[in-house]
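Undergrad: Task: produce atomic coordinates for the following.
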Amino acid sequence: MFINRPKIDYDYYTKIDQNDIYVDYTNNRVKIINLNNVSLQSIKQIIHFASNRHLNKIICNCDINSFETLLNSGFQLEGKIDSYFKGKDAFCMSYFTIDNRKDYKNKEKENLFLLQSLNVKNTFVFKENSFKYNIRNATENDIDQLIALFSSIFVTYPSPVCDKKYLKQTMNKKVLYKVAVDNGKIIGVASADLDKKNLNAEITDCATYPDYRGKGVLSNIIYFLQLDLKKMGFISLYSLSRAINPSINFVLSKHNYNFRGKLINNCNICGGFENMNIWVKVIN
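TA: Residues are numbered from 1 along each chain as shown. Alright, predicted model coming up:
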């Protein structure tokens, strides 16, 4: 396997030839945030930048106008997000600066979990009377409980959800956090990372305490998140779920999300780099 480079630098945003990028040491990658009249020369500069810093994956959600340029630069298509750009599709493109980052285990197990999840597609039914936990939006008063939940579930995570400052900065501004509560205790959470410019939202940060799993906690949180996002005018919802974790894939398929591809060794989660399944649902 490729080397998980120790984090010796902080993550930061910068610009290369008019293209905004995110230098993501946490996940050993570079993310191209936007492509402005991208050229082969621009992409070569970004690849050179990533290689020099031993960041061995470059990712980008591009529109059809940039698709061919990225392909000609050595990027490969890993998936698609329907209606990502205000109703226009995004293509999930990746470039690996070393071949080892493409290697992964558990291929048969991941494929089996995916097949099983597809067999339960569009089967979720909201049953108000049978779900006994309260679901509401999180507030700043919940931050300590959220950190306790996240830290108990994830050894490592792609974003700093165990950082109080990060949660306070993002809550109900860039990210809508929704929680399930049992007698004052937060037992589960999911969030929507809001891209208000493009009217898409990523369903993410899904966590439930083990004692409450199998009770529909996450399914019901996502149900209420979707209602809010539809009212807010969002068009496309998507989620990047751990391919090796069957439960989250089952939940998304039950909610009628469509499988749209797999991102290989995409992020550092639960102690190592994992593949992420792309699930997409167009709601408006």
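Undergrad: Next SSE downstream of the longest helix belonging to the chain?
TA: Counting by DSSP state H, the longest helix found in the chain is helix 217-231. Using DSSP states H and E, the next helix or strand after helix 217-231 towards the C-terminus is strand 236-242.
Undergrad: How far does that next one sit from its chain's centre?
TA: 6 Å (CA atoms, centre = their mean, to the nearest Å).
Undergrad: quick one: it to helix 217-231, angle?
TA: Interaxial angle, strand 236-242 versus helix 217-231 (axes from the mean of the first three to the mean of the last three CA atoms, to 10 degrees): 150 degrees.
Undergrad: what pairs with strand 236-242, and is each one parallel or antiparallel?
TA: Take DSSP bridges as the rule and strand 236-242 pairs in its sheet with strand 200-208 (parallel), strand 272-282 (antiparallel).
Undergrad: quick one: contacts of it?
TA: For strand 236-242, the external contacting residues (CB atoms under 8 Å, 6 or more residues apart in numbering) are 81-84, 87, 192, 199-204, 226, 229, 248-249, 252, 257, 260, 263, 266-267, 269-270, 274-283. C-betas here are computed from N, CA, C, even on glycine.
Undergrad: do the same with stretch 71-78
TA: With CB under 8 Å, 6+ apart, stretch 71-78 has contacts from 40, 43-44, 47, 58, 60, 91-95, 261-264, 278.
Undergrad: Of those residues, which is the nearest to F124?
TA: Taking CB to CB as the measure, F124 lies nearest I278 of the contacts of stretch 71-78, at 19.2 Å.
Undergrad: tell me the contacts of the closest one?
TA: Contacts of I278 (CB under 8 Å, 6+ apart): 78-81, 92, 238-240, 259-263.
Undergrad: run the last query once more with 6 Å
TA: 79, 260-261 (CB atoms under 6 Å, 6 or more residues apart in numbering).
Undergrad: Out of those residues, give me the one that has the most neighbours.
TA: Of all these, the highest neighbour tally under other CB atoms under 10 Å goes to G79, namely 22 neighbours.
Undergrad: Which helix or which strand is home to that residue?
TA: Here G79 is assigned to strand 76-85, by DSSP H and E.
Undergrad: Can you give me the buried ones in that strand?
TA: Applying a neighbour-count criterion of 16 or more other CB atoms under 10 Å, one finds 78-85 buried in strand 76-85.
Undergrad: Stretch 187-197 now?
TA: Within stretch 187-197, the residues that count as buried by 16+ other CB under 10 Å are 187-195.
Undergrad: With that, I have no additional questions.
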